[in-house]
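> With the input below, show me the fold.
(chains A and B)
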Amino acid sequence: MAQAWRKDIGFRAGTGVFALLLIGIVGAIGVELTLQSMKSINQFGLDFWRTEIWDPVAGEFGALPFIWGTLYSSILALLLATPIALGIAVFISELCPAALRQPLVFLTELLAAIPSIVYGLWGIFVLVPAVRTLEASLPGAVRSLPMFSGPPLGLGMLSAALVLAIMVIPFSSSVAREVLKSVPSAQREAAYALGATRFEAIRAALFYARTGIIGAVMLGFGRALGETMAVTMVIGNNPQVSVSLFAPQYTMAAVIANEFTEAADELYLAALVEIGLVLFIITLVVNTMSRLLIWSMARSGAKAPAAEPAAAAVPGTA
Amino acid sequence: MTDTLRKLLSSAFVGFCALSVLIALVPLAFILFFVVTQGIRAINFDFFTHLPRPVGETGGGMANAIVGTLIVTGLASLMAVPIGIVSGIYMSEYAGTRFAAAARFAADTLNGVPSIVVGVFAYGVAVLPFKQFSAMAGGFALGVMMIPIIARTTEELLLLVPGSMREGALALGATRARAVFTVVLPAALPGIVTGVVLALARIAGETAPLLFTSFNNRFFTTSLTQPISTLTVQVFTYATGPYEDWHRQAWAGALVLVTIVLLCSLLARFATRRLERMHARS
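All right, here's what the predicted structure looks like:
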């Protein structure tokens, strides 16, 4: 008896070491990035994030254009993707015939399974030319607005936001779908019993699930912030702060992808690692908040919602 | 609000939801259409058997990149499958404990870390100390991304195994380890294998973590300590390069990548169906 108990302790400790490894890796990423970026942190301090000039040759490193580009592109993508993602979630979980459900889930999740590099390739050769034509065809009155100023290059913020929106849709919609599934059917039935239309009943369900829905949207935001290849290939890679959708800009992930192997001196490399460190911290905060929201929804709801598309191979969070 | 207006609004809403599905499926169809049509025009036997030609010459293939992708993803699995499965076992066996919750949180966090950041981390851990880009470093980076996927899948699937099976084994005097390894784990194994296949499909499509770990190599190599070419990095190089023939090959590479992903997804789907039917019967 006592021996079996001792063996169980051994089993627990043995498997526990591997679980500890998971926690260790996350910690190691934070420590490693901090150590590698010390040089830049010491040299520039907070000014790093307030300076607009990025000129590695002259030794000037300001990361404002990158953080701007990352936030701007992700927010635009979110604005485009959220209504569509929620529409899909509602359609699949509330409206569509049962026979259509599985195929539609499969197809939307396929969007999440296509590699980022393929989105980028498609972006360069199909989307960017299309966006260029669109930009050139806009009337002059519209083009004089600051949001649409600059030459119609195709490569730029608009293309990046579009690609990101497509890529984010499956993530937000699959979590939103699971969240909707966890809304007790009594909620909807009560609404119908009071004479609500379909829209009004679903609105009630959406309102009931609001924390989880916000969590789903934020999860998509986290994905958009860190997306690298597709954005790198279509955003134009020009470090500038501009509100123009036509302007070629740059993101944090893209500058690391493009310049990391070229960074000859230590300070340059440290500056790039610091951008990586901040990207790590931002996504950490956004993802943690989104998971907390989804969890709190799961705790109050009847059923625990799973997270993220199965095609991305992560069935389940709660 | 009048009833007619309410009904109209409701119909408009239903229409919007259906439209959103279409809006999302259009880019999917577009991407698949271009990858298949452009890819099929570009792909040939040489693509699988030849090395890249020197800059300026047309023809050649990505034989080295295909082998490189196999090697790097193989290394990643060697690292991630054992770590992922065993930590998944811990999280499911001791599901209620604080430590399991912390590990679960770490796994979800790791899963959300941008792939480019994993690349920077792997550069610091597996490239800088050896002053050498290598297949090993690339495998390490992809392994780090793969661990949380496998850990969470394993955990979920182990929790699905009926408690009575574990209890039966324990009641017969089996230790916890024996109950897990001879009863619970085998019951969940087909699902776990499916999860590993899906994880592999996703990992094989990663580019960003490889840019400065396994880097790229124009030559054929199977050395684990040398830079190595991979399909994704090669597609990136070719897509952003100036030559027509490079673009052609990039589409061919994309076709191969998408085919891998599609096959794995379909395979996994098929396997899951069978599993569900099996569970329904028992």
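
> Mind pulling the model confidence for residue 117?
Looking at chain A here, since you left the chain open. The model reports A:Ile117 with a pLDDT of 96.

> sorry, should have said chain B
As summarised for this prediction, B:Val117 has a pLDDT of 97.

> Wait, it touches A:Val278, no?
No: taking contacts as Cβ atoms under 8 Å, B:Val117 lies outside contact range of A:Val278: 9.9 Å. (Glycine included, C-beta is placed from N, CA and C.)

> Would you check that B:Ser90 makes contact with A:Leu21?
Wrong residue type there; residue B:90 is Tyr, not Ser. No: B:Tyr90 lies out of contact with A:Leu21 (Cβ under 8 Å); the separation is 10.2 Å.

> More neighbours: these two, which one.
Counting neighbours by other Cβ atoms under 10 Å in any protein chain shown for B:Tyr90 and for A:Leu21 shows that B:Tyr90 has the greater number, 29 against 18.

> ok so the more buried one is a helix residue?
Yes: counting by DSSP: H, G, I helix; E, B strand; the rest coil, B:Tyr90 is part of a helix.

> Who are the contact partners of it?
By Cβ atoms under 8 Å, 6 or more residues apart in numbering or on different chains, B:Tyr90 lies in contact with A:Arg12, A:Thr15, A:Gly16, A:Phe18, A:Ala19, B:Ala100, B:Ala103.

> my guess is A:Val175 contacts A:Leu219, does it?
Yes: A:Val175 is in contact with A:Leu219 according to Cβ under 8 Å; the separation is 5.6 Å.

> Would you state the strands of chain A in chain order?
Secondary structure of chain A (DSSP state E): strands located at A:54-55, A:60-61.

> Neighbouring strands - and their directions - for the last one?
The strands beside strand A:60-61 in its sheet (DSSP bridges) come out as strand A:54-55 (antiparallel).

> Looking at B:Val117 and A:Val278, which one has more neighbours?
B:Val117 (28 against 20).

> Tell me who's in contact with the more buried one.
The contact partners of B:Val117, taken as Cβ under 8 Å, 6+ apart, are A:Ile29, A:Leu33, A:Gly226, A:Gly276, A:Leu279, A:Phe280, A:Thr283.

> pLDDT score assigned to A:Ala216?
93.

> Report the central residue of chain A.
When Cα atoms, centre = their mean is applied to chain A, the residue found nearest the centroid is A:Arg223 (1.8 Å).

> Tally up the residues packed near the closest residue to A:Leu78 other than its chain neighbours, please.
Excluding the flanking residues, the one nearest A:Leu78 by Cβ to Cβ, 6 or more residues apart in numbering or on different chains is A:Phe221, at 5.4 Å. A:Phe221 has 25 neighbours, counted by other Cβ under 10 Å.

> how deep is whichever residue of the stretch 51-200 of chain B sits closest to chain A tucked in, by neighbour count?
Of all residues in the stretch 51-200 of chain B, B:Pro114 sits closest to chain A, at 2.5 Å by Cβ to the nearest Cβ. Neighbours of B:Pro114 under the rule other Cβ under 10 Å: 24.

> Would you check that it makes contact with A:Glu227?
Yes: under the criterion of Cβ under 8 Å, B:Pro114 makes contact with A:Glu227 at 7.4 Å.

> who touches both of these two?
Taking Cβ under 8 Å, 6+ apart as the criterion, B:Pro114 and A:Glu227 both touch A:Ala253.

> which residues in the stretch 1-150 of chain A form helices?
A:2-44, A:64-90, A:98-113, A:116-122, A:128-137, A:140-143 (DSSP state H, counting those that start in this stretch).

> which helices and strands sit right next to the longest one?
What it means is helix A:2-44. helix A:266-300, helix B:63-93, helix B:98-112, helix B:115-122, helix B:135-160, helix B:176-179 (3 or more Cβ pairs under 8 Å, 6 or more residues apart in numbering or on different chains; DSSP states H and E).

> Which one, of these, ends up nearest to B:Phe30?
For the helices and strands packed on helix A:2-44, the distance to B:Phe30 is smallest for helix B:115-122, at 24.1 Å, taking Cβ to Cβ.

> low-scoring pLDDT stretches of chain A, where are they?
A:1-5, A:300-318 (pLDDT under 70).

> Could you rerun that using 80?
Chain A contains residues with pLDDT under 80 at A:1-7, A:297-318.

> repeat for the stretch 1-150 of chain B
B:1, B:55-57.

> picking that back up, of the helices and strands packed on helix A:2-44, which stretch is the most buried?
helix B:115-122 (a mean of 28; mean count of other Cβ atoms under 10 Å in any protein chain shown).

> could you give the angle of that helix to helix A:2-44?
100 degrees (axes from the mean of the first three to the mean of the last three Cα atoms, to 10 degrees).

> For helix B:115-122, C-alpha coordinates in CSV please.
Output in CSV follows, covering the C-alpha atoms of helix B:115-122 (Å, rounded to 0.1, in the frame of the first residue of the first chain):
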residue,chain,number,x,y,z
SER,B,115,5.8,32.9,-34.1
ILE,B,116,8.3,35.6,-34.9
VAL,B,117,9.0,36.0,-31.2
VAL,B,118,9.6,32.3,-30.8
GLY,B,119,12.1,32.7,-33.6
VAL,B,120,13.9,35.5,-31.7
PHE,B,121,13.9,33.3,-28.6
ALA,B,122,15.3,30.3,-30.5
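
> what angle separates it from helix A:266-300?
Counting by the same axes, to 10 degrees, helix B:115-122 lies at 120 degrees to helix A:266-300.

> For the stretch 201-318 of chain A, give the residue positioned nearest to chain B.
The nearest approach of the stretch 201-318 of chain A to chain B comes at A:Gly226, 2.5 Å away (Cβ to the nearest Cβ).

> Can you tell me how far that residue is from B:Val113?
According to Cβ to Cβ, to the nearest Å, A:Gly226 and B:Val113 sit 7 Å apart.

> That concludes my questions; thank you for your assistance.
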